[in-house]
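> Have a look; sequence and predicted model below, questions after that.
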Amino acid sequence: MSPARRIIPPDLQGVYDNWHFAPAVEANGLIFCSGIIGTSPGGEPPNEDGLAGARSTTRNASNDLADLVAVRDPEAQFVTAFLALRAILNAAGAGLPDIVEITTYHVEMSRHMESFIRVKDRFITAPYPAWTAIGVSELIVPGGLVELRAVAQSPHPAQDV
């Protein structure tokens, strides 16, 4: 069996170095993505850069996870989270279509679910993965409304030697 491979996009090296977890790990032909929240340097939508918030915050090694800033607009926050998830999967050589299971953790789930589903359906298309949505009271990032966690199939799994 091949050893697990840590997936650390360059923009998230600070996450690994400062906060001691990998954005994703590939093992046994699957890519396990850590939870991701839509963040930005100042709470404004970061356009197509889903990793801008983490990159900006981890520049200072003394910052912690709670120093991340959630994108203030709910729909833009959801878009940013999916952009970040896509960037992490791309660093592993995969993409959103390779997702086989997604778990979403929601603050104020009933209030934002309709908007979240609209955004999810822009990024996750048929054939659909398994999905579990869980309501929670809060997330580690202040103002975070959703955290995405996914498992994807590796399109190029490491070969056993």
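Great, that's in hand. Numbers count the residues shown, from 1 in each chain.

> mind checking how far the lengthiest helix in the chain is from the chain centre?
The longest helix of the chain (DSSP state H) is helix 74-91. Averaged C-alpha coordinates place helix 74-91 at 6 Å from its chain's average position (CA atoms, centre = their mean, to the nearest Å).

> Please apply the same query to stretch 4-12.
For stretch 4-12 - counting by CA atoms, centre = their mean - the centre lies 13 Å from the chain centre.

> Could I get the buried residue list for it?
5, 7-9, 11-12 (16 or more other CB atoms under 10 Å). Using the backbone N, CA and C atoms, a C-beta is placed for each residue, glycine as well.

> What separates the first and last residues of that stretch, distance-wise?
The first and last residues of stretch 4-12 sit 18 Å apart, counting by CA to CA, to the nearest Å.

> If you drop the residues flanking it in sequence, what lies closest to the most centrally placed residue in the chain?
Computing the C-alpha centroid of the chain and ranking residues by CA atoms, centre = their mean puts Ile36 first, at 3.1 Å. Computed as CB to CB, 6 or more residues apart in numbering, the closest residue to Ile36 that is not its neighbour in sequence is Ala84, at 4.7 Å.

> my guess is that neighbour meets Arg55, correct?
No. In this structure, Ala84 is not within contact of Arg55 by CB atoms under 8 Å, at 10.3 Å.
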